[in-house]
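*Asks:* quick one, fold the following:
(chains A and B)
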Amino acid sequence: MSAAERTRIDRYEPATIEPRWQRRWAELDLYETDLTDESRPKYYLLTMYPYTSGNLHIGHWYAKSPTDAIARFHRMNGENVFLPIGFDAFGLPAENAAIKNKIHPRQWTLSNIENMRRQLRSMGATFAWKSEVVTCDPDYYRWNQWIFLRFLEAGLAYRASSPVDWCPNDGTLAREQVEGADRHCWRCGMRVVKRELDQWYLRTTNYADELLDFSAIEWPESVRIMQTNWIGRSEGAEVAFTTEPDESRPGGDELRVFTTRPDTLYGATFMVLAPEHALVPKLTHSHRKAEVEAYVAAAGRETEIERMSTERPKTGVFTGSYAVNPVNGERIPIWIADYVLAGYGTGAIMAVPAHDERDFEFARKFGLPIRRVIAGPEVTDAEVAAPMETAFVSHGTEERMVNSGPYTGLPAKEGFASIVAMLEKQGKGKASVNYRLRDWLISRQRYWGTPIPVVYCDSDGIVPVPDDQLPVRLPEKVDYAGRGDNPLKSDAAFVNTTCPRCGGQARRETDTMDTFIDSSWYWFRYLSPSDSNAPVDRKVEARWCPVDQYTGGAEHAVMHLLYARFFTKAMADLGLVHEREPFKRLFNQGQILGADGERMSKSRGNVQDPDELVSRFGADAVRLFLMFMGPWDQGGPWSPTGIGGISRFLNRVWYAALDPHGVDAGDAESGMLPAGQDRAAGERALRTAAHRTLRIVSEEYAKMRFNTMVAHLMELSNLLQRYRGTAAAGTKAWNEAIRLMLLMLAPCAPHIAEELWSRLAEARGEAWSSIHTQAWPAVDEAAATENEREVPVQVNGKLRDRVMVPVGIGEAELERLVLARPKVVTALDGKAPLKVIHAGGKLVNIVVR
RNA sequence: GCCGGAGUGGCGGAACUGGUAGACGCAGCGGACUUAAACUCCGCGGCCCGCGAGGGCGUCAGGGUUCGAAUCCCUGCUCCGGCACCA
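*Replies:* Predicted structure coming up:
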């Protein structure tokens, strides 16, 4: 097609058509969901709401374009789709910006939201904007407070003093918000230190076992494994040792330990207590006092990083006391060492150096005895007696017990059970389960979050703020005064209040809630965003929950996704909701990295701005390109080089739809039907291709395989291109193929599909009705079936020929045909076939010797 | 160290449940159109040998199972994600 001819019809100009349709769709409320509509099945689709950083980057588009395509696909398939959007609007960056630019966090956040709304709209996505929630809105966070008060009443929230992870920027952190071997803050990267503080906790550990049960949800295995590991359930036993009396002390104190290896109890040669263990002062012998106190003090000063490093050699000191092993009455020394953690189990262990690597290292260093009590099936008596070079940790049905009194000779697994039973009988222990999971520390020492709704009264202690006084609002005027400190603390008008119980003077809690509280129930709020009676409308929730499909990044596997499950279960137990799982299906999309393969960040200067791409190529091209890049769960480095190919594809669709008879200049063949084809054959080929594509594409939308879905649309477009300008163009079959192409394109490239749809309707003189309200087309199976098929022919597994055969051909017939092929005859080289394999009509393999 | 996942052309990637490796696209090359360029269109394209027909090799490496392996099994290497002394 020459330039002159091309101007005969309008060019494809995304910059003019896209905003026009976006406006039109919004005017028509095309994507607002009627939550009361019960005539169609519901489909609750949720994408993780963005943090209000101010700008969307290409990663947001990568996450949200396919999500929007899913929404549109399901809507076309007759479901009532709800795809809400909102903003995660509390958090430290707002405060940092406030300090730096002297702008109020609220103002910073709200203006960022304005910009992000504009950017999100430019995607042309089907978000139900009228259901939007913004978490820094008092109408939202008052329900954080309300739910917190219900948790408090139910004993699910409590205040406790313990050593906590403290980040100089973010204040205290939950356990899962501290990352890496160097123990840094997940958000700002600062190293954390330990501090002893009074803080608020939520009892996530109450739900440890239920959180391990994933039977009601379909989540990626990797996430389930991560959560399982994070919860870290260990089955074992608690064993009571008793302290020995000596010349200065009476003894008789009970020292309980947790062990996962009761089968090794005869191998315990010493005990180790965490330096913080309550019995340490009492057990310290007078002549060891100085040394022990110095060690405890040093351990207290150390940062977590030093203490937790596995590289560091073991340290510890002897207390001077001894304990008695309940199974054999043996007297073993009690040590303290910082490799034993105060916060896990009982804060004390029995050390079995022969069968635990850490205890082994410690015993070696301090010359403590190492006694083997478990041996593998091949180990001889002589070897059992020989000194050990490493700890032997395996214990299954193969391994047997040695040096274990009456248990000697038993398989380790049996010994485990027998010893636990014996301990229980004698009252010296019991089977016990421990979890790595800790309760969720939610207190944060900063301004821009939800105030924790309690006051402290000198006479009444901790008093919850009554419901009718909610929300406890953040004061508008904030004085940062240049300190990194929480400005609420120095805000007298906020802090000083009266006790709701006695009316006397009281102080408000100045800590605010972890922002993960906000995201732990936000999808419930989307269902009734302005309900002023309850956080969740149970009627609507009953119909719409759980979320059918949740999409978002894998980085939230053990934080947000675990908190959300905990909240849902706790809220269900409080009768606030019906469902015990928040998200039925989860999909983790991959992450888009910078062109350098590194995480996109302003400081690296590798951030791709989507606005710029949209103005150059159009939203449809950007969306399609992101979907085409590769599997959605894979992500990868950003490279814009391929986007031109997508533009070309959309252009070809444009001209095929509007100008079927146009022929582009090319070689002499163009504009002619393929050799041997008449118009009818061309039409048949078009119909077959269109319906086969529809069959595959429908499946790929459902399976979220967008990259191959786009590839198949391109194949169909290439075929249309071949017939464009031929006698088959503009025929009924051609128009059908175009129609199917537009319908298939509609979920992923909504603007161009709508534009062409409306132009074609106009050309036919029909009234417009949006392509996005059309039903997904049905495959014409008769058209999609071909009557000939190509069968590859192998000789000894090597491809030698291909034959076209009628579809229903019998094996004998096919075999005769194949053996007569010249290429096959040559390949056989006169040898007689030993065996002929028909792989279900898909392939023929002739085996010769 | 432990637990996951992945290694396929110059690049992104495709290949159903063991059955034609490299779909689709990018970059590249040749051609048409153009005064010219861009755009657009037609064609070529794993590597090696060959004018060609064709042949040999080829999915991280090495071994195995099978008529047949990118796909299954064993051993090793590399990369990515998670965990960080949890007794």
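
*Asks:* what residues does the stretch 201-350 of chain A put near RNA strand B?
*Replies:* A:221-222, A:225-226, A:229-230, A:232, A:234, A:236, A:258-261, A:274, A:307-310, A:312, A:314, A:338-341, A:343-345, A:347, A:349 (Cβ under 7 Å from any atom of the strand). Every C-beta, even on glycine, is put in place using the N, C-alpha and C of the backbone.

*Asks:* so which of the residues you listed are in strands?
*Replies:* Residues of these located in strands (DSSP state E): A:Ser234, A:Gly236, A:Phe258, A:Thr259, A:Ile349.

*Asks:* residue ranges of the helices in the stretch 701-849 of chain A, please?
*Replies:* Using DSSP state H, counting those that start in this stretch, the helices of the stretch 701-849 of chain A run over residues A:706-723, A:732-745, A:750-763, A:781-784, A:811-819, A:822-828.

*Asks:* out of the ones you listed, nearest to RNA strand B?
*Replies:* When the helices of the stretch 701-849 of chain A are compared by Cβ to the nearest atom of the strand, helix A:706-723 sits nearest RNA strand B, at 3.5 Å.

*Asks:* what does the closest one rub up against?
*Replies:* With contact meaning Cβ atoms under 8 Å, 6 or more residues apart in numbering, helix A:706-723 is reached by A:66, A:69, A:624, A:627-632, A:649, A:652-653, A:656, A:673-674, A:682, A:685-686, A:689-690, A:693, A:696-697, A:700-701, A:729, A:734, A:737-738, A:741, A:744-745, A:748.

*Asks:* ok, back up a step: could you dump the helices of the stretch 701-849 of chain A into TSV with mean neighbour count added?
*Replies:* As requested, the helices of the stretch 701-849 of chain A are exported to TSV (neighbours: other Cβ atoms under 10 Å):
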stretch	mean neighbour count
helix A:706-723	20
helix A:732-745	21
helix A:750-763	20
helix A:781-784	13
helix A:811-819	15
helix A:822-828	15
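
*Asks:* want to try JSON lines for these, with mean pLDDT and distance to A:Val472 as columns?
*Replies:* Output for the helices of the stretch 701-849 of chain A, formatted as JSON lines (pLDDT from 0 to 100; distance: least, Cβ to Cβ, whole Å):
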{"stretch": "helix A:706-723", "mean pLDDT": "95", "distance to A:Val472": "45"}
{"stretch": "helix A:732-745", "mean pLDDT": "97", "distance to A:Val472": "51"}
{"stretch": "helix A:750-763", "mean pLDDT": "96", "distance to A:Val472": "43"}
{"stretch": "helix A:781-784", "mean pLDDT": "91", "distance to A:Val472": "63"}
{"stretch": "helix A:811-819", "mean pLDDT": "87", "distance to A:Val472": "79"}
{"stretch": "helix A:822-828", "mean pLDDT": "83", "distance to A:Val472": "84"}
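
*Asks:* need those helices in CSV (columns: distance to A:His60).
*Replies:* Output for the helices of the stretch 701-849 of chain A, formatted as CSV (distance: least, Cβ to Cβ, whole Å):
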stretch, distance to A:His60
helix A:706-723, 16
helix A:732-745, 22
helix A:750-763, 17
helix A:781-784, 37
helix A:811-819, 54
helix A:822-828, 55
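
*Asks:* one step back: and RNA strand B, which of the contacts of helix A:706-723 reach it?
*Replies:* Counting by Cβ under 7 Å from any atom of the strand, A:Phe628, A:Met629, A:Gly630, A:Pro631, A:Phe649, A:Arg652 from the contacts of helix A:706-723 sit close to RNA strand B.

*Asks:* picking that back up, could I have the buried ones of the contacts of helix A:706-723 as PyMOL selection syntax?
*Replies:* To isolate the buried members of these in PyMOL, using 16 or more other Cβ atoms under 10 Å:
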select buried, chain A and resi 66+69+624+627+628+629+632+649+652+653+656+673+682+685+686+689+690+693+696+697+700+701+729+734+737+738+741+744+745+748
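
*Asks:* picking that back up, of the residues of the stretch 201-350 of chain A next to RNA strand B, select the buried ones using a PyMOL command.
*Replies:* Of these, the buried ones can be selected in PyMOL as follows, counting by 16+ other Cβ under 10 Å:
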select buried, chain A and resi 226+230+236+258+259+260+261+274+307+314+338+339+340+344+345+347+349
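
*Asks:* got a list of what A:Lys569 touches?
*Replies:* A:Lys569 neighbours (Cβ under 8 Å, 6+ apart): A:Tyr207, A:Glu210, A:Leu211, A:Arg580.

*Asks:* and the third one, what does it touch?
*Replies:* Okay, so that is A:Leu211. Taking Cβ under 8 Å, 6+ apart, we find A:Leu211 in contact with A:Thr204, A:Gln227, A:Ile231, A:Leu437, A:Leu562, A:Arg565, A:Phe566, A:Lys569.

*Asks:* ok, and the most crowded of the residues you listed?
*Replies:* Neighbour counts for these (other Cβ atoms under 10 Å) peak at A:Thr204, which has 26 neighbours.

*Asks:* please identify the helix or strand for A:Arg364.
*Replies:* Under the criterion of DSSP states H and E, A:Arg364 resides in helix A:357-366.

*Asks:* quick one: contacts for the residue lying closest to A:His277 once chain neighbours are set aside?
*Replies:* Excluding the flanking residues, the one nearest A:His277 by Cβ to Cβ, 6 or more residues apart in numbering is A:Gly347, at 4.7 Å. Residues near A:Gly347 by Cβ under 8 Å, 6+ apart: A:Leu273, A:Ala274, A:Glu276, A:His277, A:Val340, A:Leu341.

*Asks:* from the residues you listed, pick the one nearest A:Asp139.
*Replies:* Ranked by distance to A:Asp139 (Cβ to Cβ), those are led by A:Leu341 at 42.3 Å.

*Asks:* hmm, that closest one is touching A:Ala274, no?
*Replies:* Yes - between A:Leu341 and A:Ala274 there is a contact under Cβ atoms under 8 Å: 6.0 Å.

*Asks:* pLDDT weak spots in chain A?
*Replies:* Low-confidence segments of chain A, defined by pLDDT under 70: A:1-8, A:181, A:301-311, A:480-484, A:664-671.
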